[in-house]
Structures are given as C-alpha cells and as structure tokens.
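Chemist: Got a predicted structure here, sequence first:
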Amino acid sequence: MGANMKNLLREKLLRGEPTLGCWVTIPHPEIPEILSLLEFDWFLFDMEHAPITVTSLEGLLQVTPQKITPIVRVPANDLVYIKHALDLGAHGVMIPMVSNREQAEQATRCVKYPPSGVRGLGARRASSYYTRHSEYRALPRPCGRGILASRRGFPASSRKLTIHPL
C-alpha cells in the first residue's frame with residue numbers, strides 16, 4: 001500500500017555507483033512487471049513521447065517493485081504534470097524543453113513545496129494516502145532534471161547557472 005519512500009537510485013548516485021535503467025514507453029503494467037525480473041535500478045516512464053497518461057502511469061508505478069526507482073519524463077514543464085507524477089509515487093521527474101534560466105527555475109519551483117516552491121500536497125500514493133505525510137515531506141527533495149532540447153538553451157547552459165538544484 002502506498003509508494004516506496006526510499007530513493008535507492010539517489011543513494012547509489014551519491015555513493016558514485018553506476019546504475020542501470022530502462023525507458024518504458026508501453027502503457028501496460030506487464031511491461032515494468034516483466035522488466036523488474038532483470039537487474040534494473042530505475043525505470044523512466046516516458047509521458048512526453050509515449051502514450052502513457054496519468055491514469056496508465058498510476059498502474060505502471062503500482063507494479064514497479066521497491067528495488068527499482070521510478071522516474072517520469074513529464075510531457076511539459078508544467079506544475080500539473082509534475083505534481084501528478086510525484087503524487088503518484090515517482091521519485092523524480094525529467095522535464096523536457098528547458099531552454100533558459102526562467103524555465104529551469106520554474107521546474108525547480110514545481111518539484112518543491114512552499115516556501116521554496118509551489119507544489120501542493122496531494123494525498124496520493126507518494127504519501128501513502130496521507131497516512132505517512134510527515135515522513136514523505138521529510139524526505140530529500142525528488143530528483144529532477146531538465147532537458148536542453150533547443151539550440152537556444154545551449155549558449156545559456158555554457159555559462160554557469162546558479163539556481164537551486166532540482
């Protein structure tokens with residue numbers, strides 16, 4: 001019941017260990033269930049380029065075992081998509097089309113709760129339907145990564161950007 005609150009991928013990365021993952025683009029629960037028989041550390045569920053919806057994402061996350069860290073590539077740098085993914089139990093989000101500092105700052109605000117962010121609380125799987133909310137809020141922030149997907153973003157990324165990390 002509820003989502004696994006321990007981010008094993010974060011722990012391995014902080015220790016400098018290599019990780020192995022798989023992109024999931026087919027919105028059927030048997031896919032992550034079968035893939036979990038292999039030795040993957042993470043799954044990335046692609047909502048941007050695959051037919052994965054919020055409804056199908058929930059089922060995919062429910063069958064992902066605790067030993068595998070679920071990450072979601074959201075369809076856009078949008079608060080609603082980001083909070084849906086995190087509230088359903090994703091341990092991180094990949095945010096497409098981040099082309100400038102303002103978009104990176106927006107993405108950062110979307111993954112954080114106030115006062116440093118704008119994310120609201122959803123009593124969903126991530127907090128075990130609000131029964132473990134305090135424990136969930138005390139966890140390190142979710143992993144988040146922006147994707148530079150246009151030429152406009154590369155000149156800006158070559159200079160050091162000082163924003164709060166996702």
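Modeler: Received the coordinates, thanks.
Chemist: List the pairing partners of the one helix or strand residue 70 maps to within its sheet, with orientation.
Modeler: Using DSSP states H and E, residue 70 falls within strand 69-73. According to DSSP bridges, strand 69-73 forms sheet pairs with strand 42-46 (parallel), strand 92-95 (parallel).
Chemist: Quick one: closest of these to residue 106.
Modeler: Evaluated over those, closeness to residue 106 peaks at strand 92-95, with 8.9 Å, by Cβ to Cβ. C-beta: built from backbone N, CA, C; applies to glycine.
Chemist: After the closest one, heading C-terminal, what element do we hit next?
Modeler: According to DSSP H and E, the helix or strand after strand 92-95 is helix 101-111.
Chemist: Least confident secondary structure element in this protein?
Modeler: When the helices and strands of the chain are scored by mean pLDDT, DSSP states H and E, helix 153-158 comes last with a mean of 54.
Chemist: Next, the angle strand 69-73 makes with the very next helix or strand once past the strand holding residue 70.
Modeler: Per DSSP H and E, the first helix or strand lying C-terminal to strand 69-73 is helix 79-87. Per axes from the mean of the first three to the mean of the last three Cα atoms, to 10 degrees, the angle that helix 79-87 makes with strand 69-73 is 170 degrees.
Chemist: Just list what helix 79-87 packs against, helices and strands only.
Modeler: Contact here means 3 or more Cβ pairs under 8 Å, 6 or more residues apart in numbering; DSSP states H and E; on that basis helix 79-87 packs against helix 54-63, strand 92-95, helix 101-111.
Chemist: Can you tell me which of the strands paired with strand 69-73 is packed in deepest?
Modeler: Stretch with highest mean neighbour count among the strands paired with strand 69-73: strand 92-95 (a mean of 25; mean count of other Cβ atoms under 10 Å).
Chemist: tell me the mean pLDDT for that one?
Modeler: Per-residue pLDDT over strand 92-95 has a mean of 92.
Chemist: which residues touch residue 65?
Modeler: residue 36 (Cβ atoms under 8 Å, 6 or more residues apart in numbering).
Chemist: show me where pLDDT drops low in this structure?
Modeler: Flagging of the chain using pLDDT under 70 yields the residue ranges 1-5, 123, 126-130, 132-166.
Chemist: please redo it, this time with the cut-off set to 90
Modeler: Scanning the chain with the threshold set as pLDDT under 90 gives 1-11, 13-14, 87, 89, 91-92, 97-101, 104, 108, 111-166.
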